[in-house]
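> for reference, the sequence and a predicted model appear below.
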Amino acid sequence: MRSIAFTATSARQWAKLSPDIRSRIDKRLTEFAETGHGDVKRPKGRNGMRLRVGDWRVIFYEDQGAIIVAAVGHRRDIYDREADMGVRFQKTPRGEVAILPRKEYELLVAKASEADEDVGTARIVARAKKEIAGGGPLLPKDVVDRMANGENPMRVLREWRGETQMYLASKTDLSQGHISDIENGRRVGTVAALRLIANVLSVPLDLLVQAD
């Protein structure tokens with residue numbers, strides 16, 4: 001089975017999914033990692049691939065045998081579309097203006113939507129590669145799943161980095177008790193404290209904020 005890793009951006013998106021949607025996507029993503037089979041579109045001449053689970057999409061690319069998830073979400077929300085088609089039917093003195101019958105027009109719209117997804121897939125993958133090249137972390141799937149399932153992100157990320165609470169305390173000038181209180185939910189970490197910890201763990205600050 002190929003390993004699965006998430007960018008910080010896709011890890012945040014994963015955590016925002018409802019448990020049932022995440023379970024559905026997880027099943028298909030794991031199946032693809034194990035077998036190489038699934039409803040996966042590889043846009044011709046463009047970087048990246050997308051796994052389709054109904055109207056949900058996992059945008060990813062492969063690197064040295066690993067699946068790198070660049071984004072995950074609903075198809076209507078996941079792409080930063082630059083423009084919409086803006087086509088409409090309008091009545092004129094000569095009658096309704098329409099180049100094609102509506103059924104054929106709708107088929108063309110579907111094809112245009114697929115092409116639009118191809119462009120969006122390539123754009124998301126390029127952005128993910130830029131994020132990683134800039135020092136952004138690649139998070140193993142089990143780490144992302146622990147955070148998505150409600151475990152304290154600071155504890156999860158600290159353990160992933162192989163550090164102790166005492167190590168964080170020594171590097172941040174926070175007490176070990178302070179760090180323990182944050183990890184156990186007895187204290188809400190201030191932005192200043194969480195920023196110190198994020199810097200030590202080399203992760204984006206917003207990964208340390210518990211998802212609602």
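Arrived safely. Since the structure is predicted, the reported quantities are computational estimates derived from the model, not experimental observations. Numbers count the residues shown, from 1 in each chain.
> every contact and neighbour count from this point should use C-alpha atoms.
Fine.
> can you map out the strands along the chain?
Taking DSSP state E, the strands of the chain run over residues 4-7, 40-41, 49-53, 56-63, 66-74, 90-92, 95-97, 138-140.
> give the burial count for the closest residue to W56 other than its chain neighbours, as a bare number.
Of all residues not flanking W56 in the chain, H74 sits nearest, at 4.3 Å (C-alpha to C-alpha, 6 or more residues apart in numbering). Using other C-alpha atoms under 10 Å, H74 has 15 other residues around it.
> repeat for the one 3 residues further on
Neighbours of D77 under the rule other C-alpha under 10 Å: 11.
> just confirm I25 contacts G54, I think it does.
No - if you go by C-alpha atoms under 8 Å, I25 and G54 don't touch, sitting 9.3 Å apart.
> out of those two, which sits in the busier spot?
The residue with more neighbours, out of I25 and G54, is I25; 23 against 11, by other C-alpha under 10 Å.
> so what pLDDT did the more buried one get?
Note on I25: pLDDT of 97.
> could you find the closest non-adjacent residue to it?
I25's closest residue in space is V53 (C-alpha to C-alpha, 6+ apart), at 6.3 Å.
> which residues touch the one you found?
Listed by C-alpha atoms under 8 Å, 6 or more residues apart in numbering, the contact set of V53 reads R24, I25, R28, D39.
> mind checking which of the residues you listed are in helices?
R24, I25, R28 (DSSP state H).
> ok, the residue lying closest to L196 once chain neighbours are set aside - how many residues close by?
Distances taken as C-alpha to C-alpha, 6+ apart put T172 closest to L196, at 5.8 Å, once the chain neighbours are dropped. Neighbourhood size, T172 [other C-alpha under 10 Å]: 19.
> T172 against A198, yeah?
No - in this structure T172 lies outside contact range of A198 using C-alpha under 8 Å: 9.9 Å.
> got a pLDDT number for V200?
96.
> so it makes contact with L168?
Yes - with contact defined as C-alpha under 8 Å, V200 counts as touching L168 (7.2 Å).
> tell me which of the two has more neighbours.
Each of V200 and L168 has its neighbours counted (other C-alpha under 10 Å); L168 has more, 20 against 16.
> who's in contact with the more buried one?
L174, Q176, I179, I197, V200.
> could you do I197 as well?
I197 sits next to L168, T172 when contact means C-alpha under 8 Å, 6+ apart.
> quick one, grab the pLDDT at it.
For I197, the pLDDT comes out at 96.
> and what of A83?
With respect to pLDDT, A83 scores 40.
> kindly report the domain assignment for this structure.
4-80+116-142, 151-208 (automatic domain parsing).
> now these as a markdown table including distance to T92?
As requested, these are exported to a markdown table (distance: least, C-alpha to C-alpha, whole Å):
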| stretch | distance to T92 |
| --- | --- |
| domain 4-80+116-142 | 30 |
| domain 151-208 | 53 |
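> and the pLDDT at E96?
As predicted, E96 sits at a pLDDT of 60.
> burial count for G45?
Neighbour number of G45 under other C-alpha under 10 Å is 8.
> how close does it get to D173?
Here the criterion is C-alpha to C-alpha, to the nearest Å. By it, G45 lies 51 Å from D173.
> cool, L157 as well?
L157 sits 19 Å away from D173, going by C-alpha to C-alpha.
> which one of these two is surrounded by more residues?
Neighbours were counted for L157 and for D173 using other C-alpha under 10 Å; L157 has more, 22 against 10.
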